[in-house]
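> the amino acid sequence is not available; the structure is as follows:
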Ligand code: SAH
Ligand code: F3S
């Protein structure tokens, strides 16, 4: 049977989509190739959020095609995901050897299109149409089959799209309007994963706090999203629940309270800030102020003092002054994030921000980016060191990505811990004593309590 290789750019939603496409193809009898050179079909699952991500995928495709020509292989090539959606046929005009362009509502059709391409029944396929019900079509998981390595953690896509239309963001155009799956359908998928050995589930969407807003609505002062978390929490055998990404606008007290009421919901929150300046937040159409953002963080810390809080920040949005930038710096100082992804503003096609006056010069954006990155690194400096000597609960995920001889797990507040252990530890919740720390990783020994069991 033919083999396929999928390379993924961008966010966790893209990783999840790639997994679902891979699982779908494996179910049809395809094998997963170890490298792009060995594959009969190479798919690039693309990201459009920043220009650099698009350029990377386009250059990669150019190189793949050049290489295939040189080696005279008969490989098939496809783009899928966000850039496939936003650029469509233009990608084939630019790279005529591309065989497939598959939009964000069409992942579940990958199998049939690739079959047809390989059988010679179709020449080139571009499908970026909207499809009703596609939000529920991303359901296959790679460990549905007889995969050698059992997954301990899994992503579950709960909704597609976003209606917030932040002025810098292309996602509402590439992913479409918000569409949520039903709670029942999501719980069923989670339960199957748990039956297969999964211990931790991350609920995924571009704006999960908007989950089911229209389709399900609030009940007893609980948003549809909190109702979903409660339903997933009921699943026996599941140890941990995470979610990403929420939006500050929808981060209500019911969600804060969920961290108190639901022990499987771990102390970890990724809450995108974007800017600390109210003037910028307004221009960005974010729908909250710096004060409101800080209030949410304070509420979370009031119920869970050790919550691991991460964020996303954009520097160099059109019109950002030094004062605006300083507001971001000061809020970072005040809030002490565990980690912050800091992005240089990148103008995106058809977004309102791309047409705003006062686009900042590249050098200024670079300079602010470097300054904020430094400041955030410094602030975080002691945070991991403080754990040395403490005992933490980790879920052991598998071999460490840094050193395959050792194992890697995560604390409830989402810090990576590397330690010496054996196969039997994988998938276990266990306590580890932290013996040393780098700025982004903890190192530990299994604590005595576990050894006596
Ligand atoms: N709702 C999603 C957003 C996806 S984009 C989420 O919260 O994960 C991920 C991050 O990319 C955003 O939070 C933002 O910080 C950044 N981003 C989005 N558009 C951008 C742009 N045009 N330029 C630079 N960074 C951008
Ligand atoms: Fe993008 Fe804002 Fe939605 S960042 S994904 S438009 S919440």
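Everything's here; your move. Values in this document were obtained by computation on a predicted structure and should not be read as measured data. Ligands and ions are numbered 1, 2, ... in the order given.

> in contact with whichever residue of the stretch 1-150 of the chain sits closest to ligand 1, which residues?
Ligand 1 sits closest to residue 49 of the stretch 1-150 of the chain, with a gap of 4.6 Å, by CB to the nearest ligand atom. For glycine as for every other residue, the C-beta is placed from the backbone atoms N, C-alpha and C. Contact partners of residue 49, counting by CB atoms under 8 Å, 6 or more residues apart in numbering, are 10, 11, 82, 169, 170, 171, 346, 348.

> which of those sits closest to residue 180?
For the contacts of residue 49, the closest approach to residue 180 (CB to CB) belongs to residue 171, at 15.7 Å.

> tally up the residues packed near that closest one, please.
Using other CB atoms under 10 Å, residue 171 is surrounded by 23 other residues.

> and it, how close does it get to residue 163?
Using CB to CB, to the nearest Å, residue 171 is found at 10 Å from residue 163.

> returning to what we had before: and the residue of the stretch 1-150 of the chain closest to ligand 1, what's its pLDDT?
The score at residue 49 is 97. That number is its pLDDT.

> quick one, phi psi at it?
Recorded main-chain torsions at residue 49 are phi -60, psi -40, according to degrees, to the nearest 10.

> show me the shaky parts of the stretch 101-250 of the chain.
Applying pLDDT under 70 to the stretch 101-250 of the chain flags residues 144-149.

> helices of that one, start to end?
Counting by DSSP state H, counting those that start in this stretch, the stretch 101-250 of the chain has helices at residues 110-118, 171-175, 183-195, 224-233.

> please list the residues of the stretch 151-300 of the chain that sit near ligand 2.
Residues of the stretch 151-300 of the chain found near ligand 2 (CB under 6 Å from any ligand atom) are 162, 164, 165, 166, 169, 171, 172, 206, 207, 247.

> correct me if wrong: residue 82 contacts residue 46.
Yes: here residue 82 reaches residue 46: they are 5.7 Å apart, a contact under CB atoms under 8 Å.

> residues that sit against both of these two, list them.
What both residue 82 and residue 46 touch, as defined by CB under 8 Å, 6+ apart, is the set 10, 14.

> please pick the buried ones from the residues of the stretch 151-300 of the chain next to ligand 2.
Buried subset of these (neighbour count, 16 or more other CB atoms under 10 Å): 162, 164, 166, 169, 171, 172, 206, 207, 247.

> so which of these sit within strands?
The members of those all map outside strands under DSSP state E.

> the residues you listed also near ligand 1: which ones?
Restricting these to those within reach of ligand 1 (CB under 6 Å from any ligand atom) leaves 169, 171, 206, 207.

> buried ones in the helix or strand where residue 93 lies?
Assessed by DSSP states H and E, residue 93 sits inside helix 90-94. Within helix 90-94, the residues that count as buried by 16+ other CB under 10 Å are 91, 92.

> and if you look at stretch 8-27?
8-11, 13-26.

> what about residue 286, how many residues nearby?
Residue 286 has 23 neighbours, counted by other CB under 10 Å.

> and it, helix, strand or coil?
Of the three states, residue 286 takes coil under DSSP: H, G, I helix; E, B strand; the rest coil.

> give me the phi and psi angles of it.
Note on residue 286: its backbone torsions stand at phi -90, psi -30 [degrees, to the nearest 10].

> excluding sequence neighbours, find me the nearest residue to residue 316.
Excluding the flanking residues, the one nearest residue 316 by CB to CB, 6 or more residues apart in numbering is residue 365, at 3.3 Å.

> spit out the contact partners of the residue nearest to residue 30 when sequence neighbours are not counted.
Spatial nearest neighbour of residue 30, excluding adjacent residues (CB to CB, 6+ apart): residue 4 at 5.1 Å. By CB under 8 Å, 6+ apart, the residues touching residue 4 are 22, 25, 30, 31, 32, 33, 39, 40, 41, 42, 43, 114.

> ok, now with 10 Å
Residue 4 makes contacts with 21-22, 25-26, 28, 30-33, 39-43, 76, 78, 110-111, 114, as judged by CB atoms under 10 Å, 6 or more residues apart in numbering.
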